[in-house]
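Peer 1: Give me the fold of what follows.
(one chain, ligands or ions: 1)
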Amino acid sequence: MINAIKGLHHVTSFAGDAQNNNHFFTKTLGLRRVKKTVNFDAPDVYHLYYGDEQGTPGSVMTYFPFPNIGRATPGVGEVGRTLFSVPKGSLGYWEERLTAHKVGGLSKDESFGAKQLHFTGVDGDSFALVETEGDKRAPWTQGGVDGDHAIRGFHSTSLRLRDEGATAELLKFMGYTAQEKRGDVHRFVMEGGNGADVIDLQTLPGAAMARAGSGTVHHVAFAVENRAKQLEVRKALMDTGYQVTPVIDRDYFWAIYFRTPGGVLFEVSTNEPGFARDEELAHLGEGLRLPKQHEHLRAMLDKSLQPIIDAA
Ligand code: ZN
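Peer 2: Reported below is the predicted structural model:
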């Protein structure tokens with residue numbers, strides 16, 4: 001079993017309009033844009049990162065905005081919902097705030113003993129805020145949401161699967177502990193993780209496979225401390241029969257990727273070096289940062305990428 005994984009690192013999705021995406025995460029949800037760069041594998045598209053002050057692993061939601069992408073068709077073999085942790089007693093505030101911002105899909109319920117508020121992102125993404133007791137992670141409070149209410153980071157993601165068996169085995173191998181099953185949802189928890197410690201597996205045997213589009217999660221990344229731990233994880237996964245990519249330099253972390261049995265793409269990323277690698281902490285996410293292999297495209301990208309205006 002692997003003991004180097006410490007919870008989620010980031011979650012990456014497809015968006016349509018970059019401006020709407022930026023507005024939703026920075027103004028409606030009050031997160032900080034911690035990096036404005038491009039998709040390193042397709043540099044004509046942005047890669048936008050939103051999180052806490054530093055973009056701490058476990059807080060970072062990222063997007064590839066494709067202006068002409070079609071809407072997703074939900075199904076199995078994908079992430080069903082991404083959930084953020086908020087303080088106990090804060091859901092009333094959030095319900096009012098999201099209503100005032102005309103956010104759709106609002107509904108409240110309880111899951112595994114915690115109150116949650118469901119909502120839909122601008123691209124139809126399925127989200128929820130979960131009231132979490134004792135989440136000690138420091139929130140970003142310069143985004144219009146005060147410290148009594150602000151998002152602490154991820155609470156969890158839920159994966160929709162036709163059959164949970166092989167994915168459940170994988171999560172246990174990755175260091176997660178299986179907890180109870182409630183209805184069609186089986187909860188897995190990373191003990192001693194970074195706070196973004198929960199993965200839920202939802203089993204929907206008769207459902208159709210998902211079709212990707214805007215609002216679809218492209219992959220879920222898990223956190224390891226450093227490159228040595230990442231190599232341990234890579235070897236352990238490969239020894240178990242997984243096909244894992246070589247280590248890829250993403251400038252702000254190193255990444256490896258592998259496809260899980262249920263169809264969801266997993267990444268394992270390092271906490272080092274972080275988002276302050278090429279910008280001062282006070283100015284994270286402000287300018288367009290390009291990796292050195294794409295720096296020669298800057299003049300072209302300045303013209304072709306949709307301008308993002310950070311209105312007050
Ligand atoms: Zn990633």
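Peer 1: What parts of the stretch 101-250 of the chain come near the ion?
Peer 2: Contacts of the stretch 101-250 of the chain with the ion, taken as C-beta under 5 Å from the ion, map to residue 221. The C-beta positions use only the backbone N, C-alpha and C, and glycine is treated the same way.
Peer 1: The stretch 101-250 of the chain: helices as residue ranges?
Peer 2: 165-173, 227-239 (DSSP state H, counting those that start in this stretch).
Peer 1: pLDDT of the longest one, averaged?
Peer 2: Model confidence over helix 227-239 averages 98 on the pLDDT scale.
Peer 1: Likewise for the shortest one?
Peer 2: Across helix 165-173, the average pLDDT comes to 98.
Peer 1: which helices and strands sit right next to it?
Peer 2: Counting contacts by 3 or more C-beta pairs under 8 Å, 6 or more residues apart in numbering; DSSP states H and E, helix 165-173 packs against strand 177-182, strand 185-189, strand 198-203.
Peer 1: Need the winner for burial among those.
Peer 2: strand 198-203 (a mean of 22; mean count of other C-beta atoms under 10 Å).
Peer 1: Pull the contacting residues for the residue of the stretch 101-250 of the chain at minimum distance from the ion.
Peer 2: Of all residues in the stretch 101-250 of the chain, residue 221 sits closest to the ion, at 4.4 Å by C-beta to the ion. Contact analysis of residue 221 by C-beta atoms under 8 Å, 6 or more residues apart in numbering lists 8-12, 255, 266-269.
Peer 1: try 10 Å this time
Peer 2: 8-12, 57, 60, 62, 250, 253, 255-257, 265-269 (C-beta atoms under 10 Å, 6 or more residues apart in numbering).
Peer 1: Of all the helices and strands packed on helix 165-173, which one is nearest residue 116?
Peer 2: Among the helices and strands packed on helix 165-173, the nearest to residue 116 by C-beta to C-beta is strand 198-203 (11.6 Å).
Peer 1: Direction-wise, compare that closest one with helix 165-173 and give the angle.
Peer 2: 170 degrees (axes from the mean of the first three to the mean of the last three C-alpha atoms, to 10 degrees).
Peer 1: from the middle of its chain, how far away would strand 198-203 be?
Peer 2: How far strand 198-203 lies from its chain's middle: 15 Å, per C-alpha atoms, centre = their mean, to the nearest Å.
Peer 1: can I have that strand written out in CSV, keeping just the CAs?
Peer 2: The C-alpha trace of strand 198-203 is given here as CSV (Å, rounded to 0.1, in the frame of the first residue of the first chain):
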residue,chain,number,x,y,z
VAL,A,198,-12.7,12.5,1.1
ILE,A,199,-13.5,10.5,-2.0
ASP,A,200,-17.0,9.2,-2.5
LEU,A,201,-17.8,6.5,-5.0
GLN,A,202,-21.3,6.5,-6.4
THR,A,203,-22.4,3.3,-8.1
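Peer 1: name the element residue 298 belongs to?
Peer 2: Here residue 298 sits within helix 298-304, counting by DSSP states H and E.
Peer 1: Could I get the average pLDDT for that helix?
Peer 2: Throughout helix 298-304, pLDDT has a mean value of 97.
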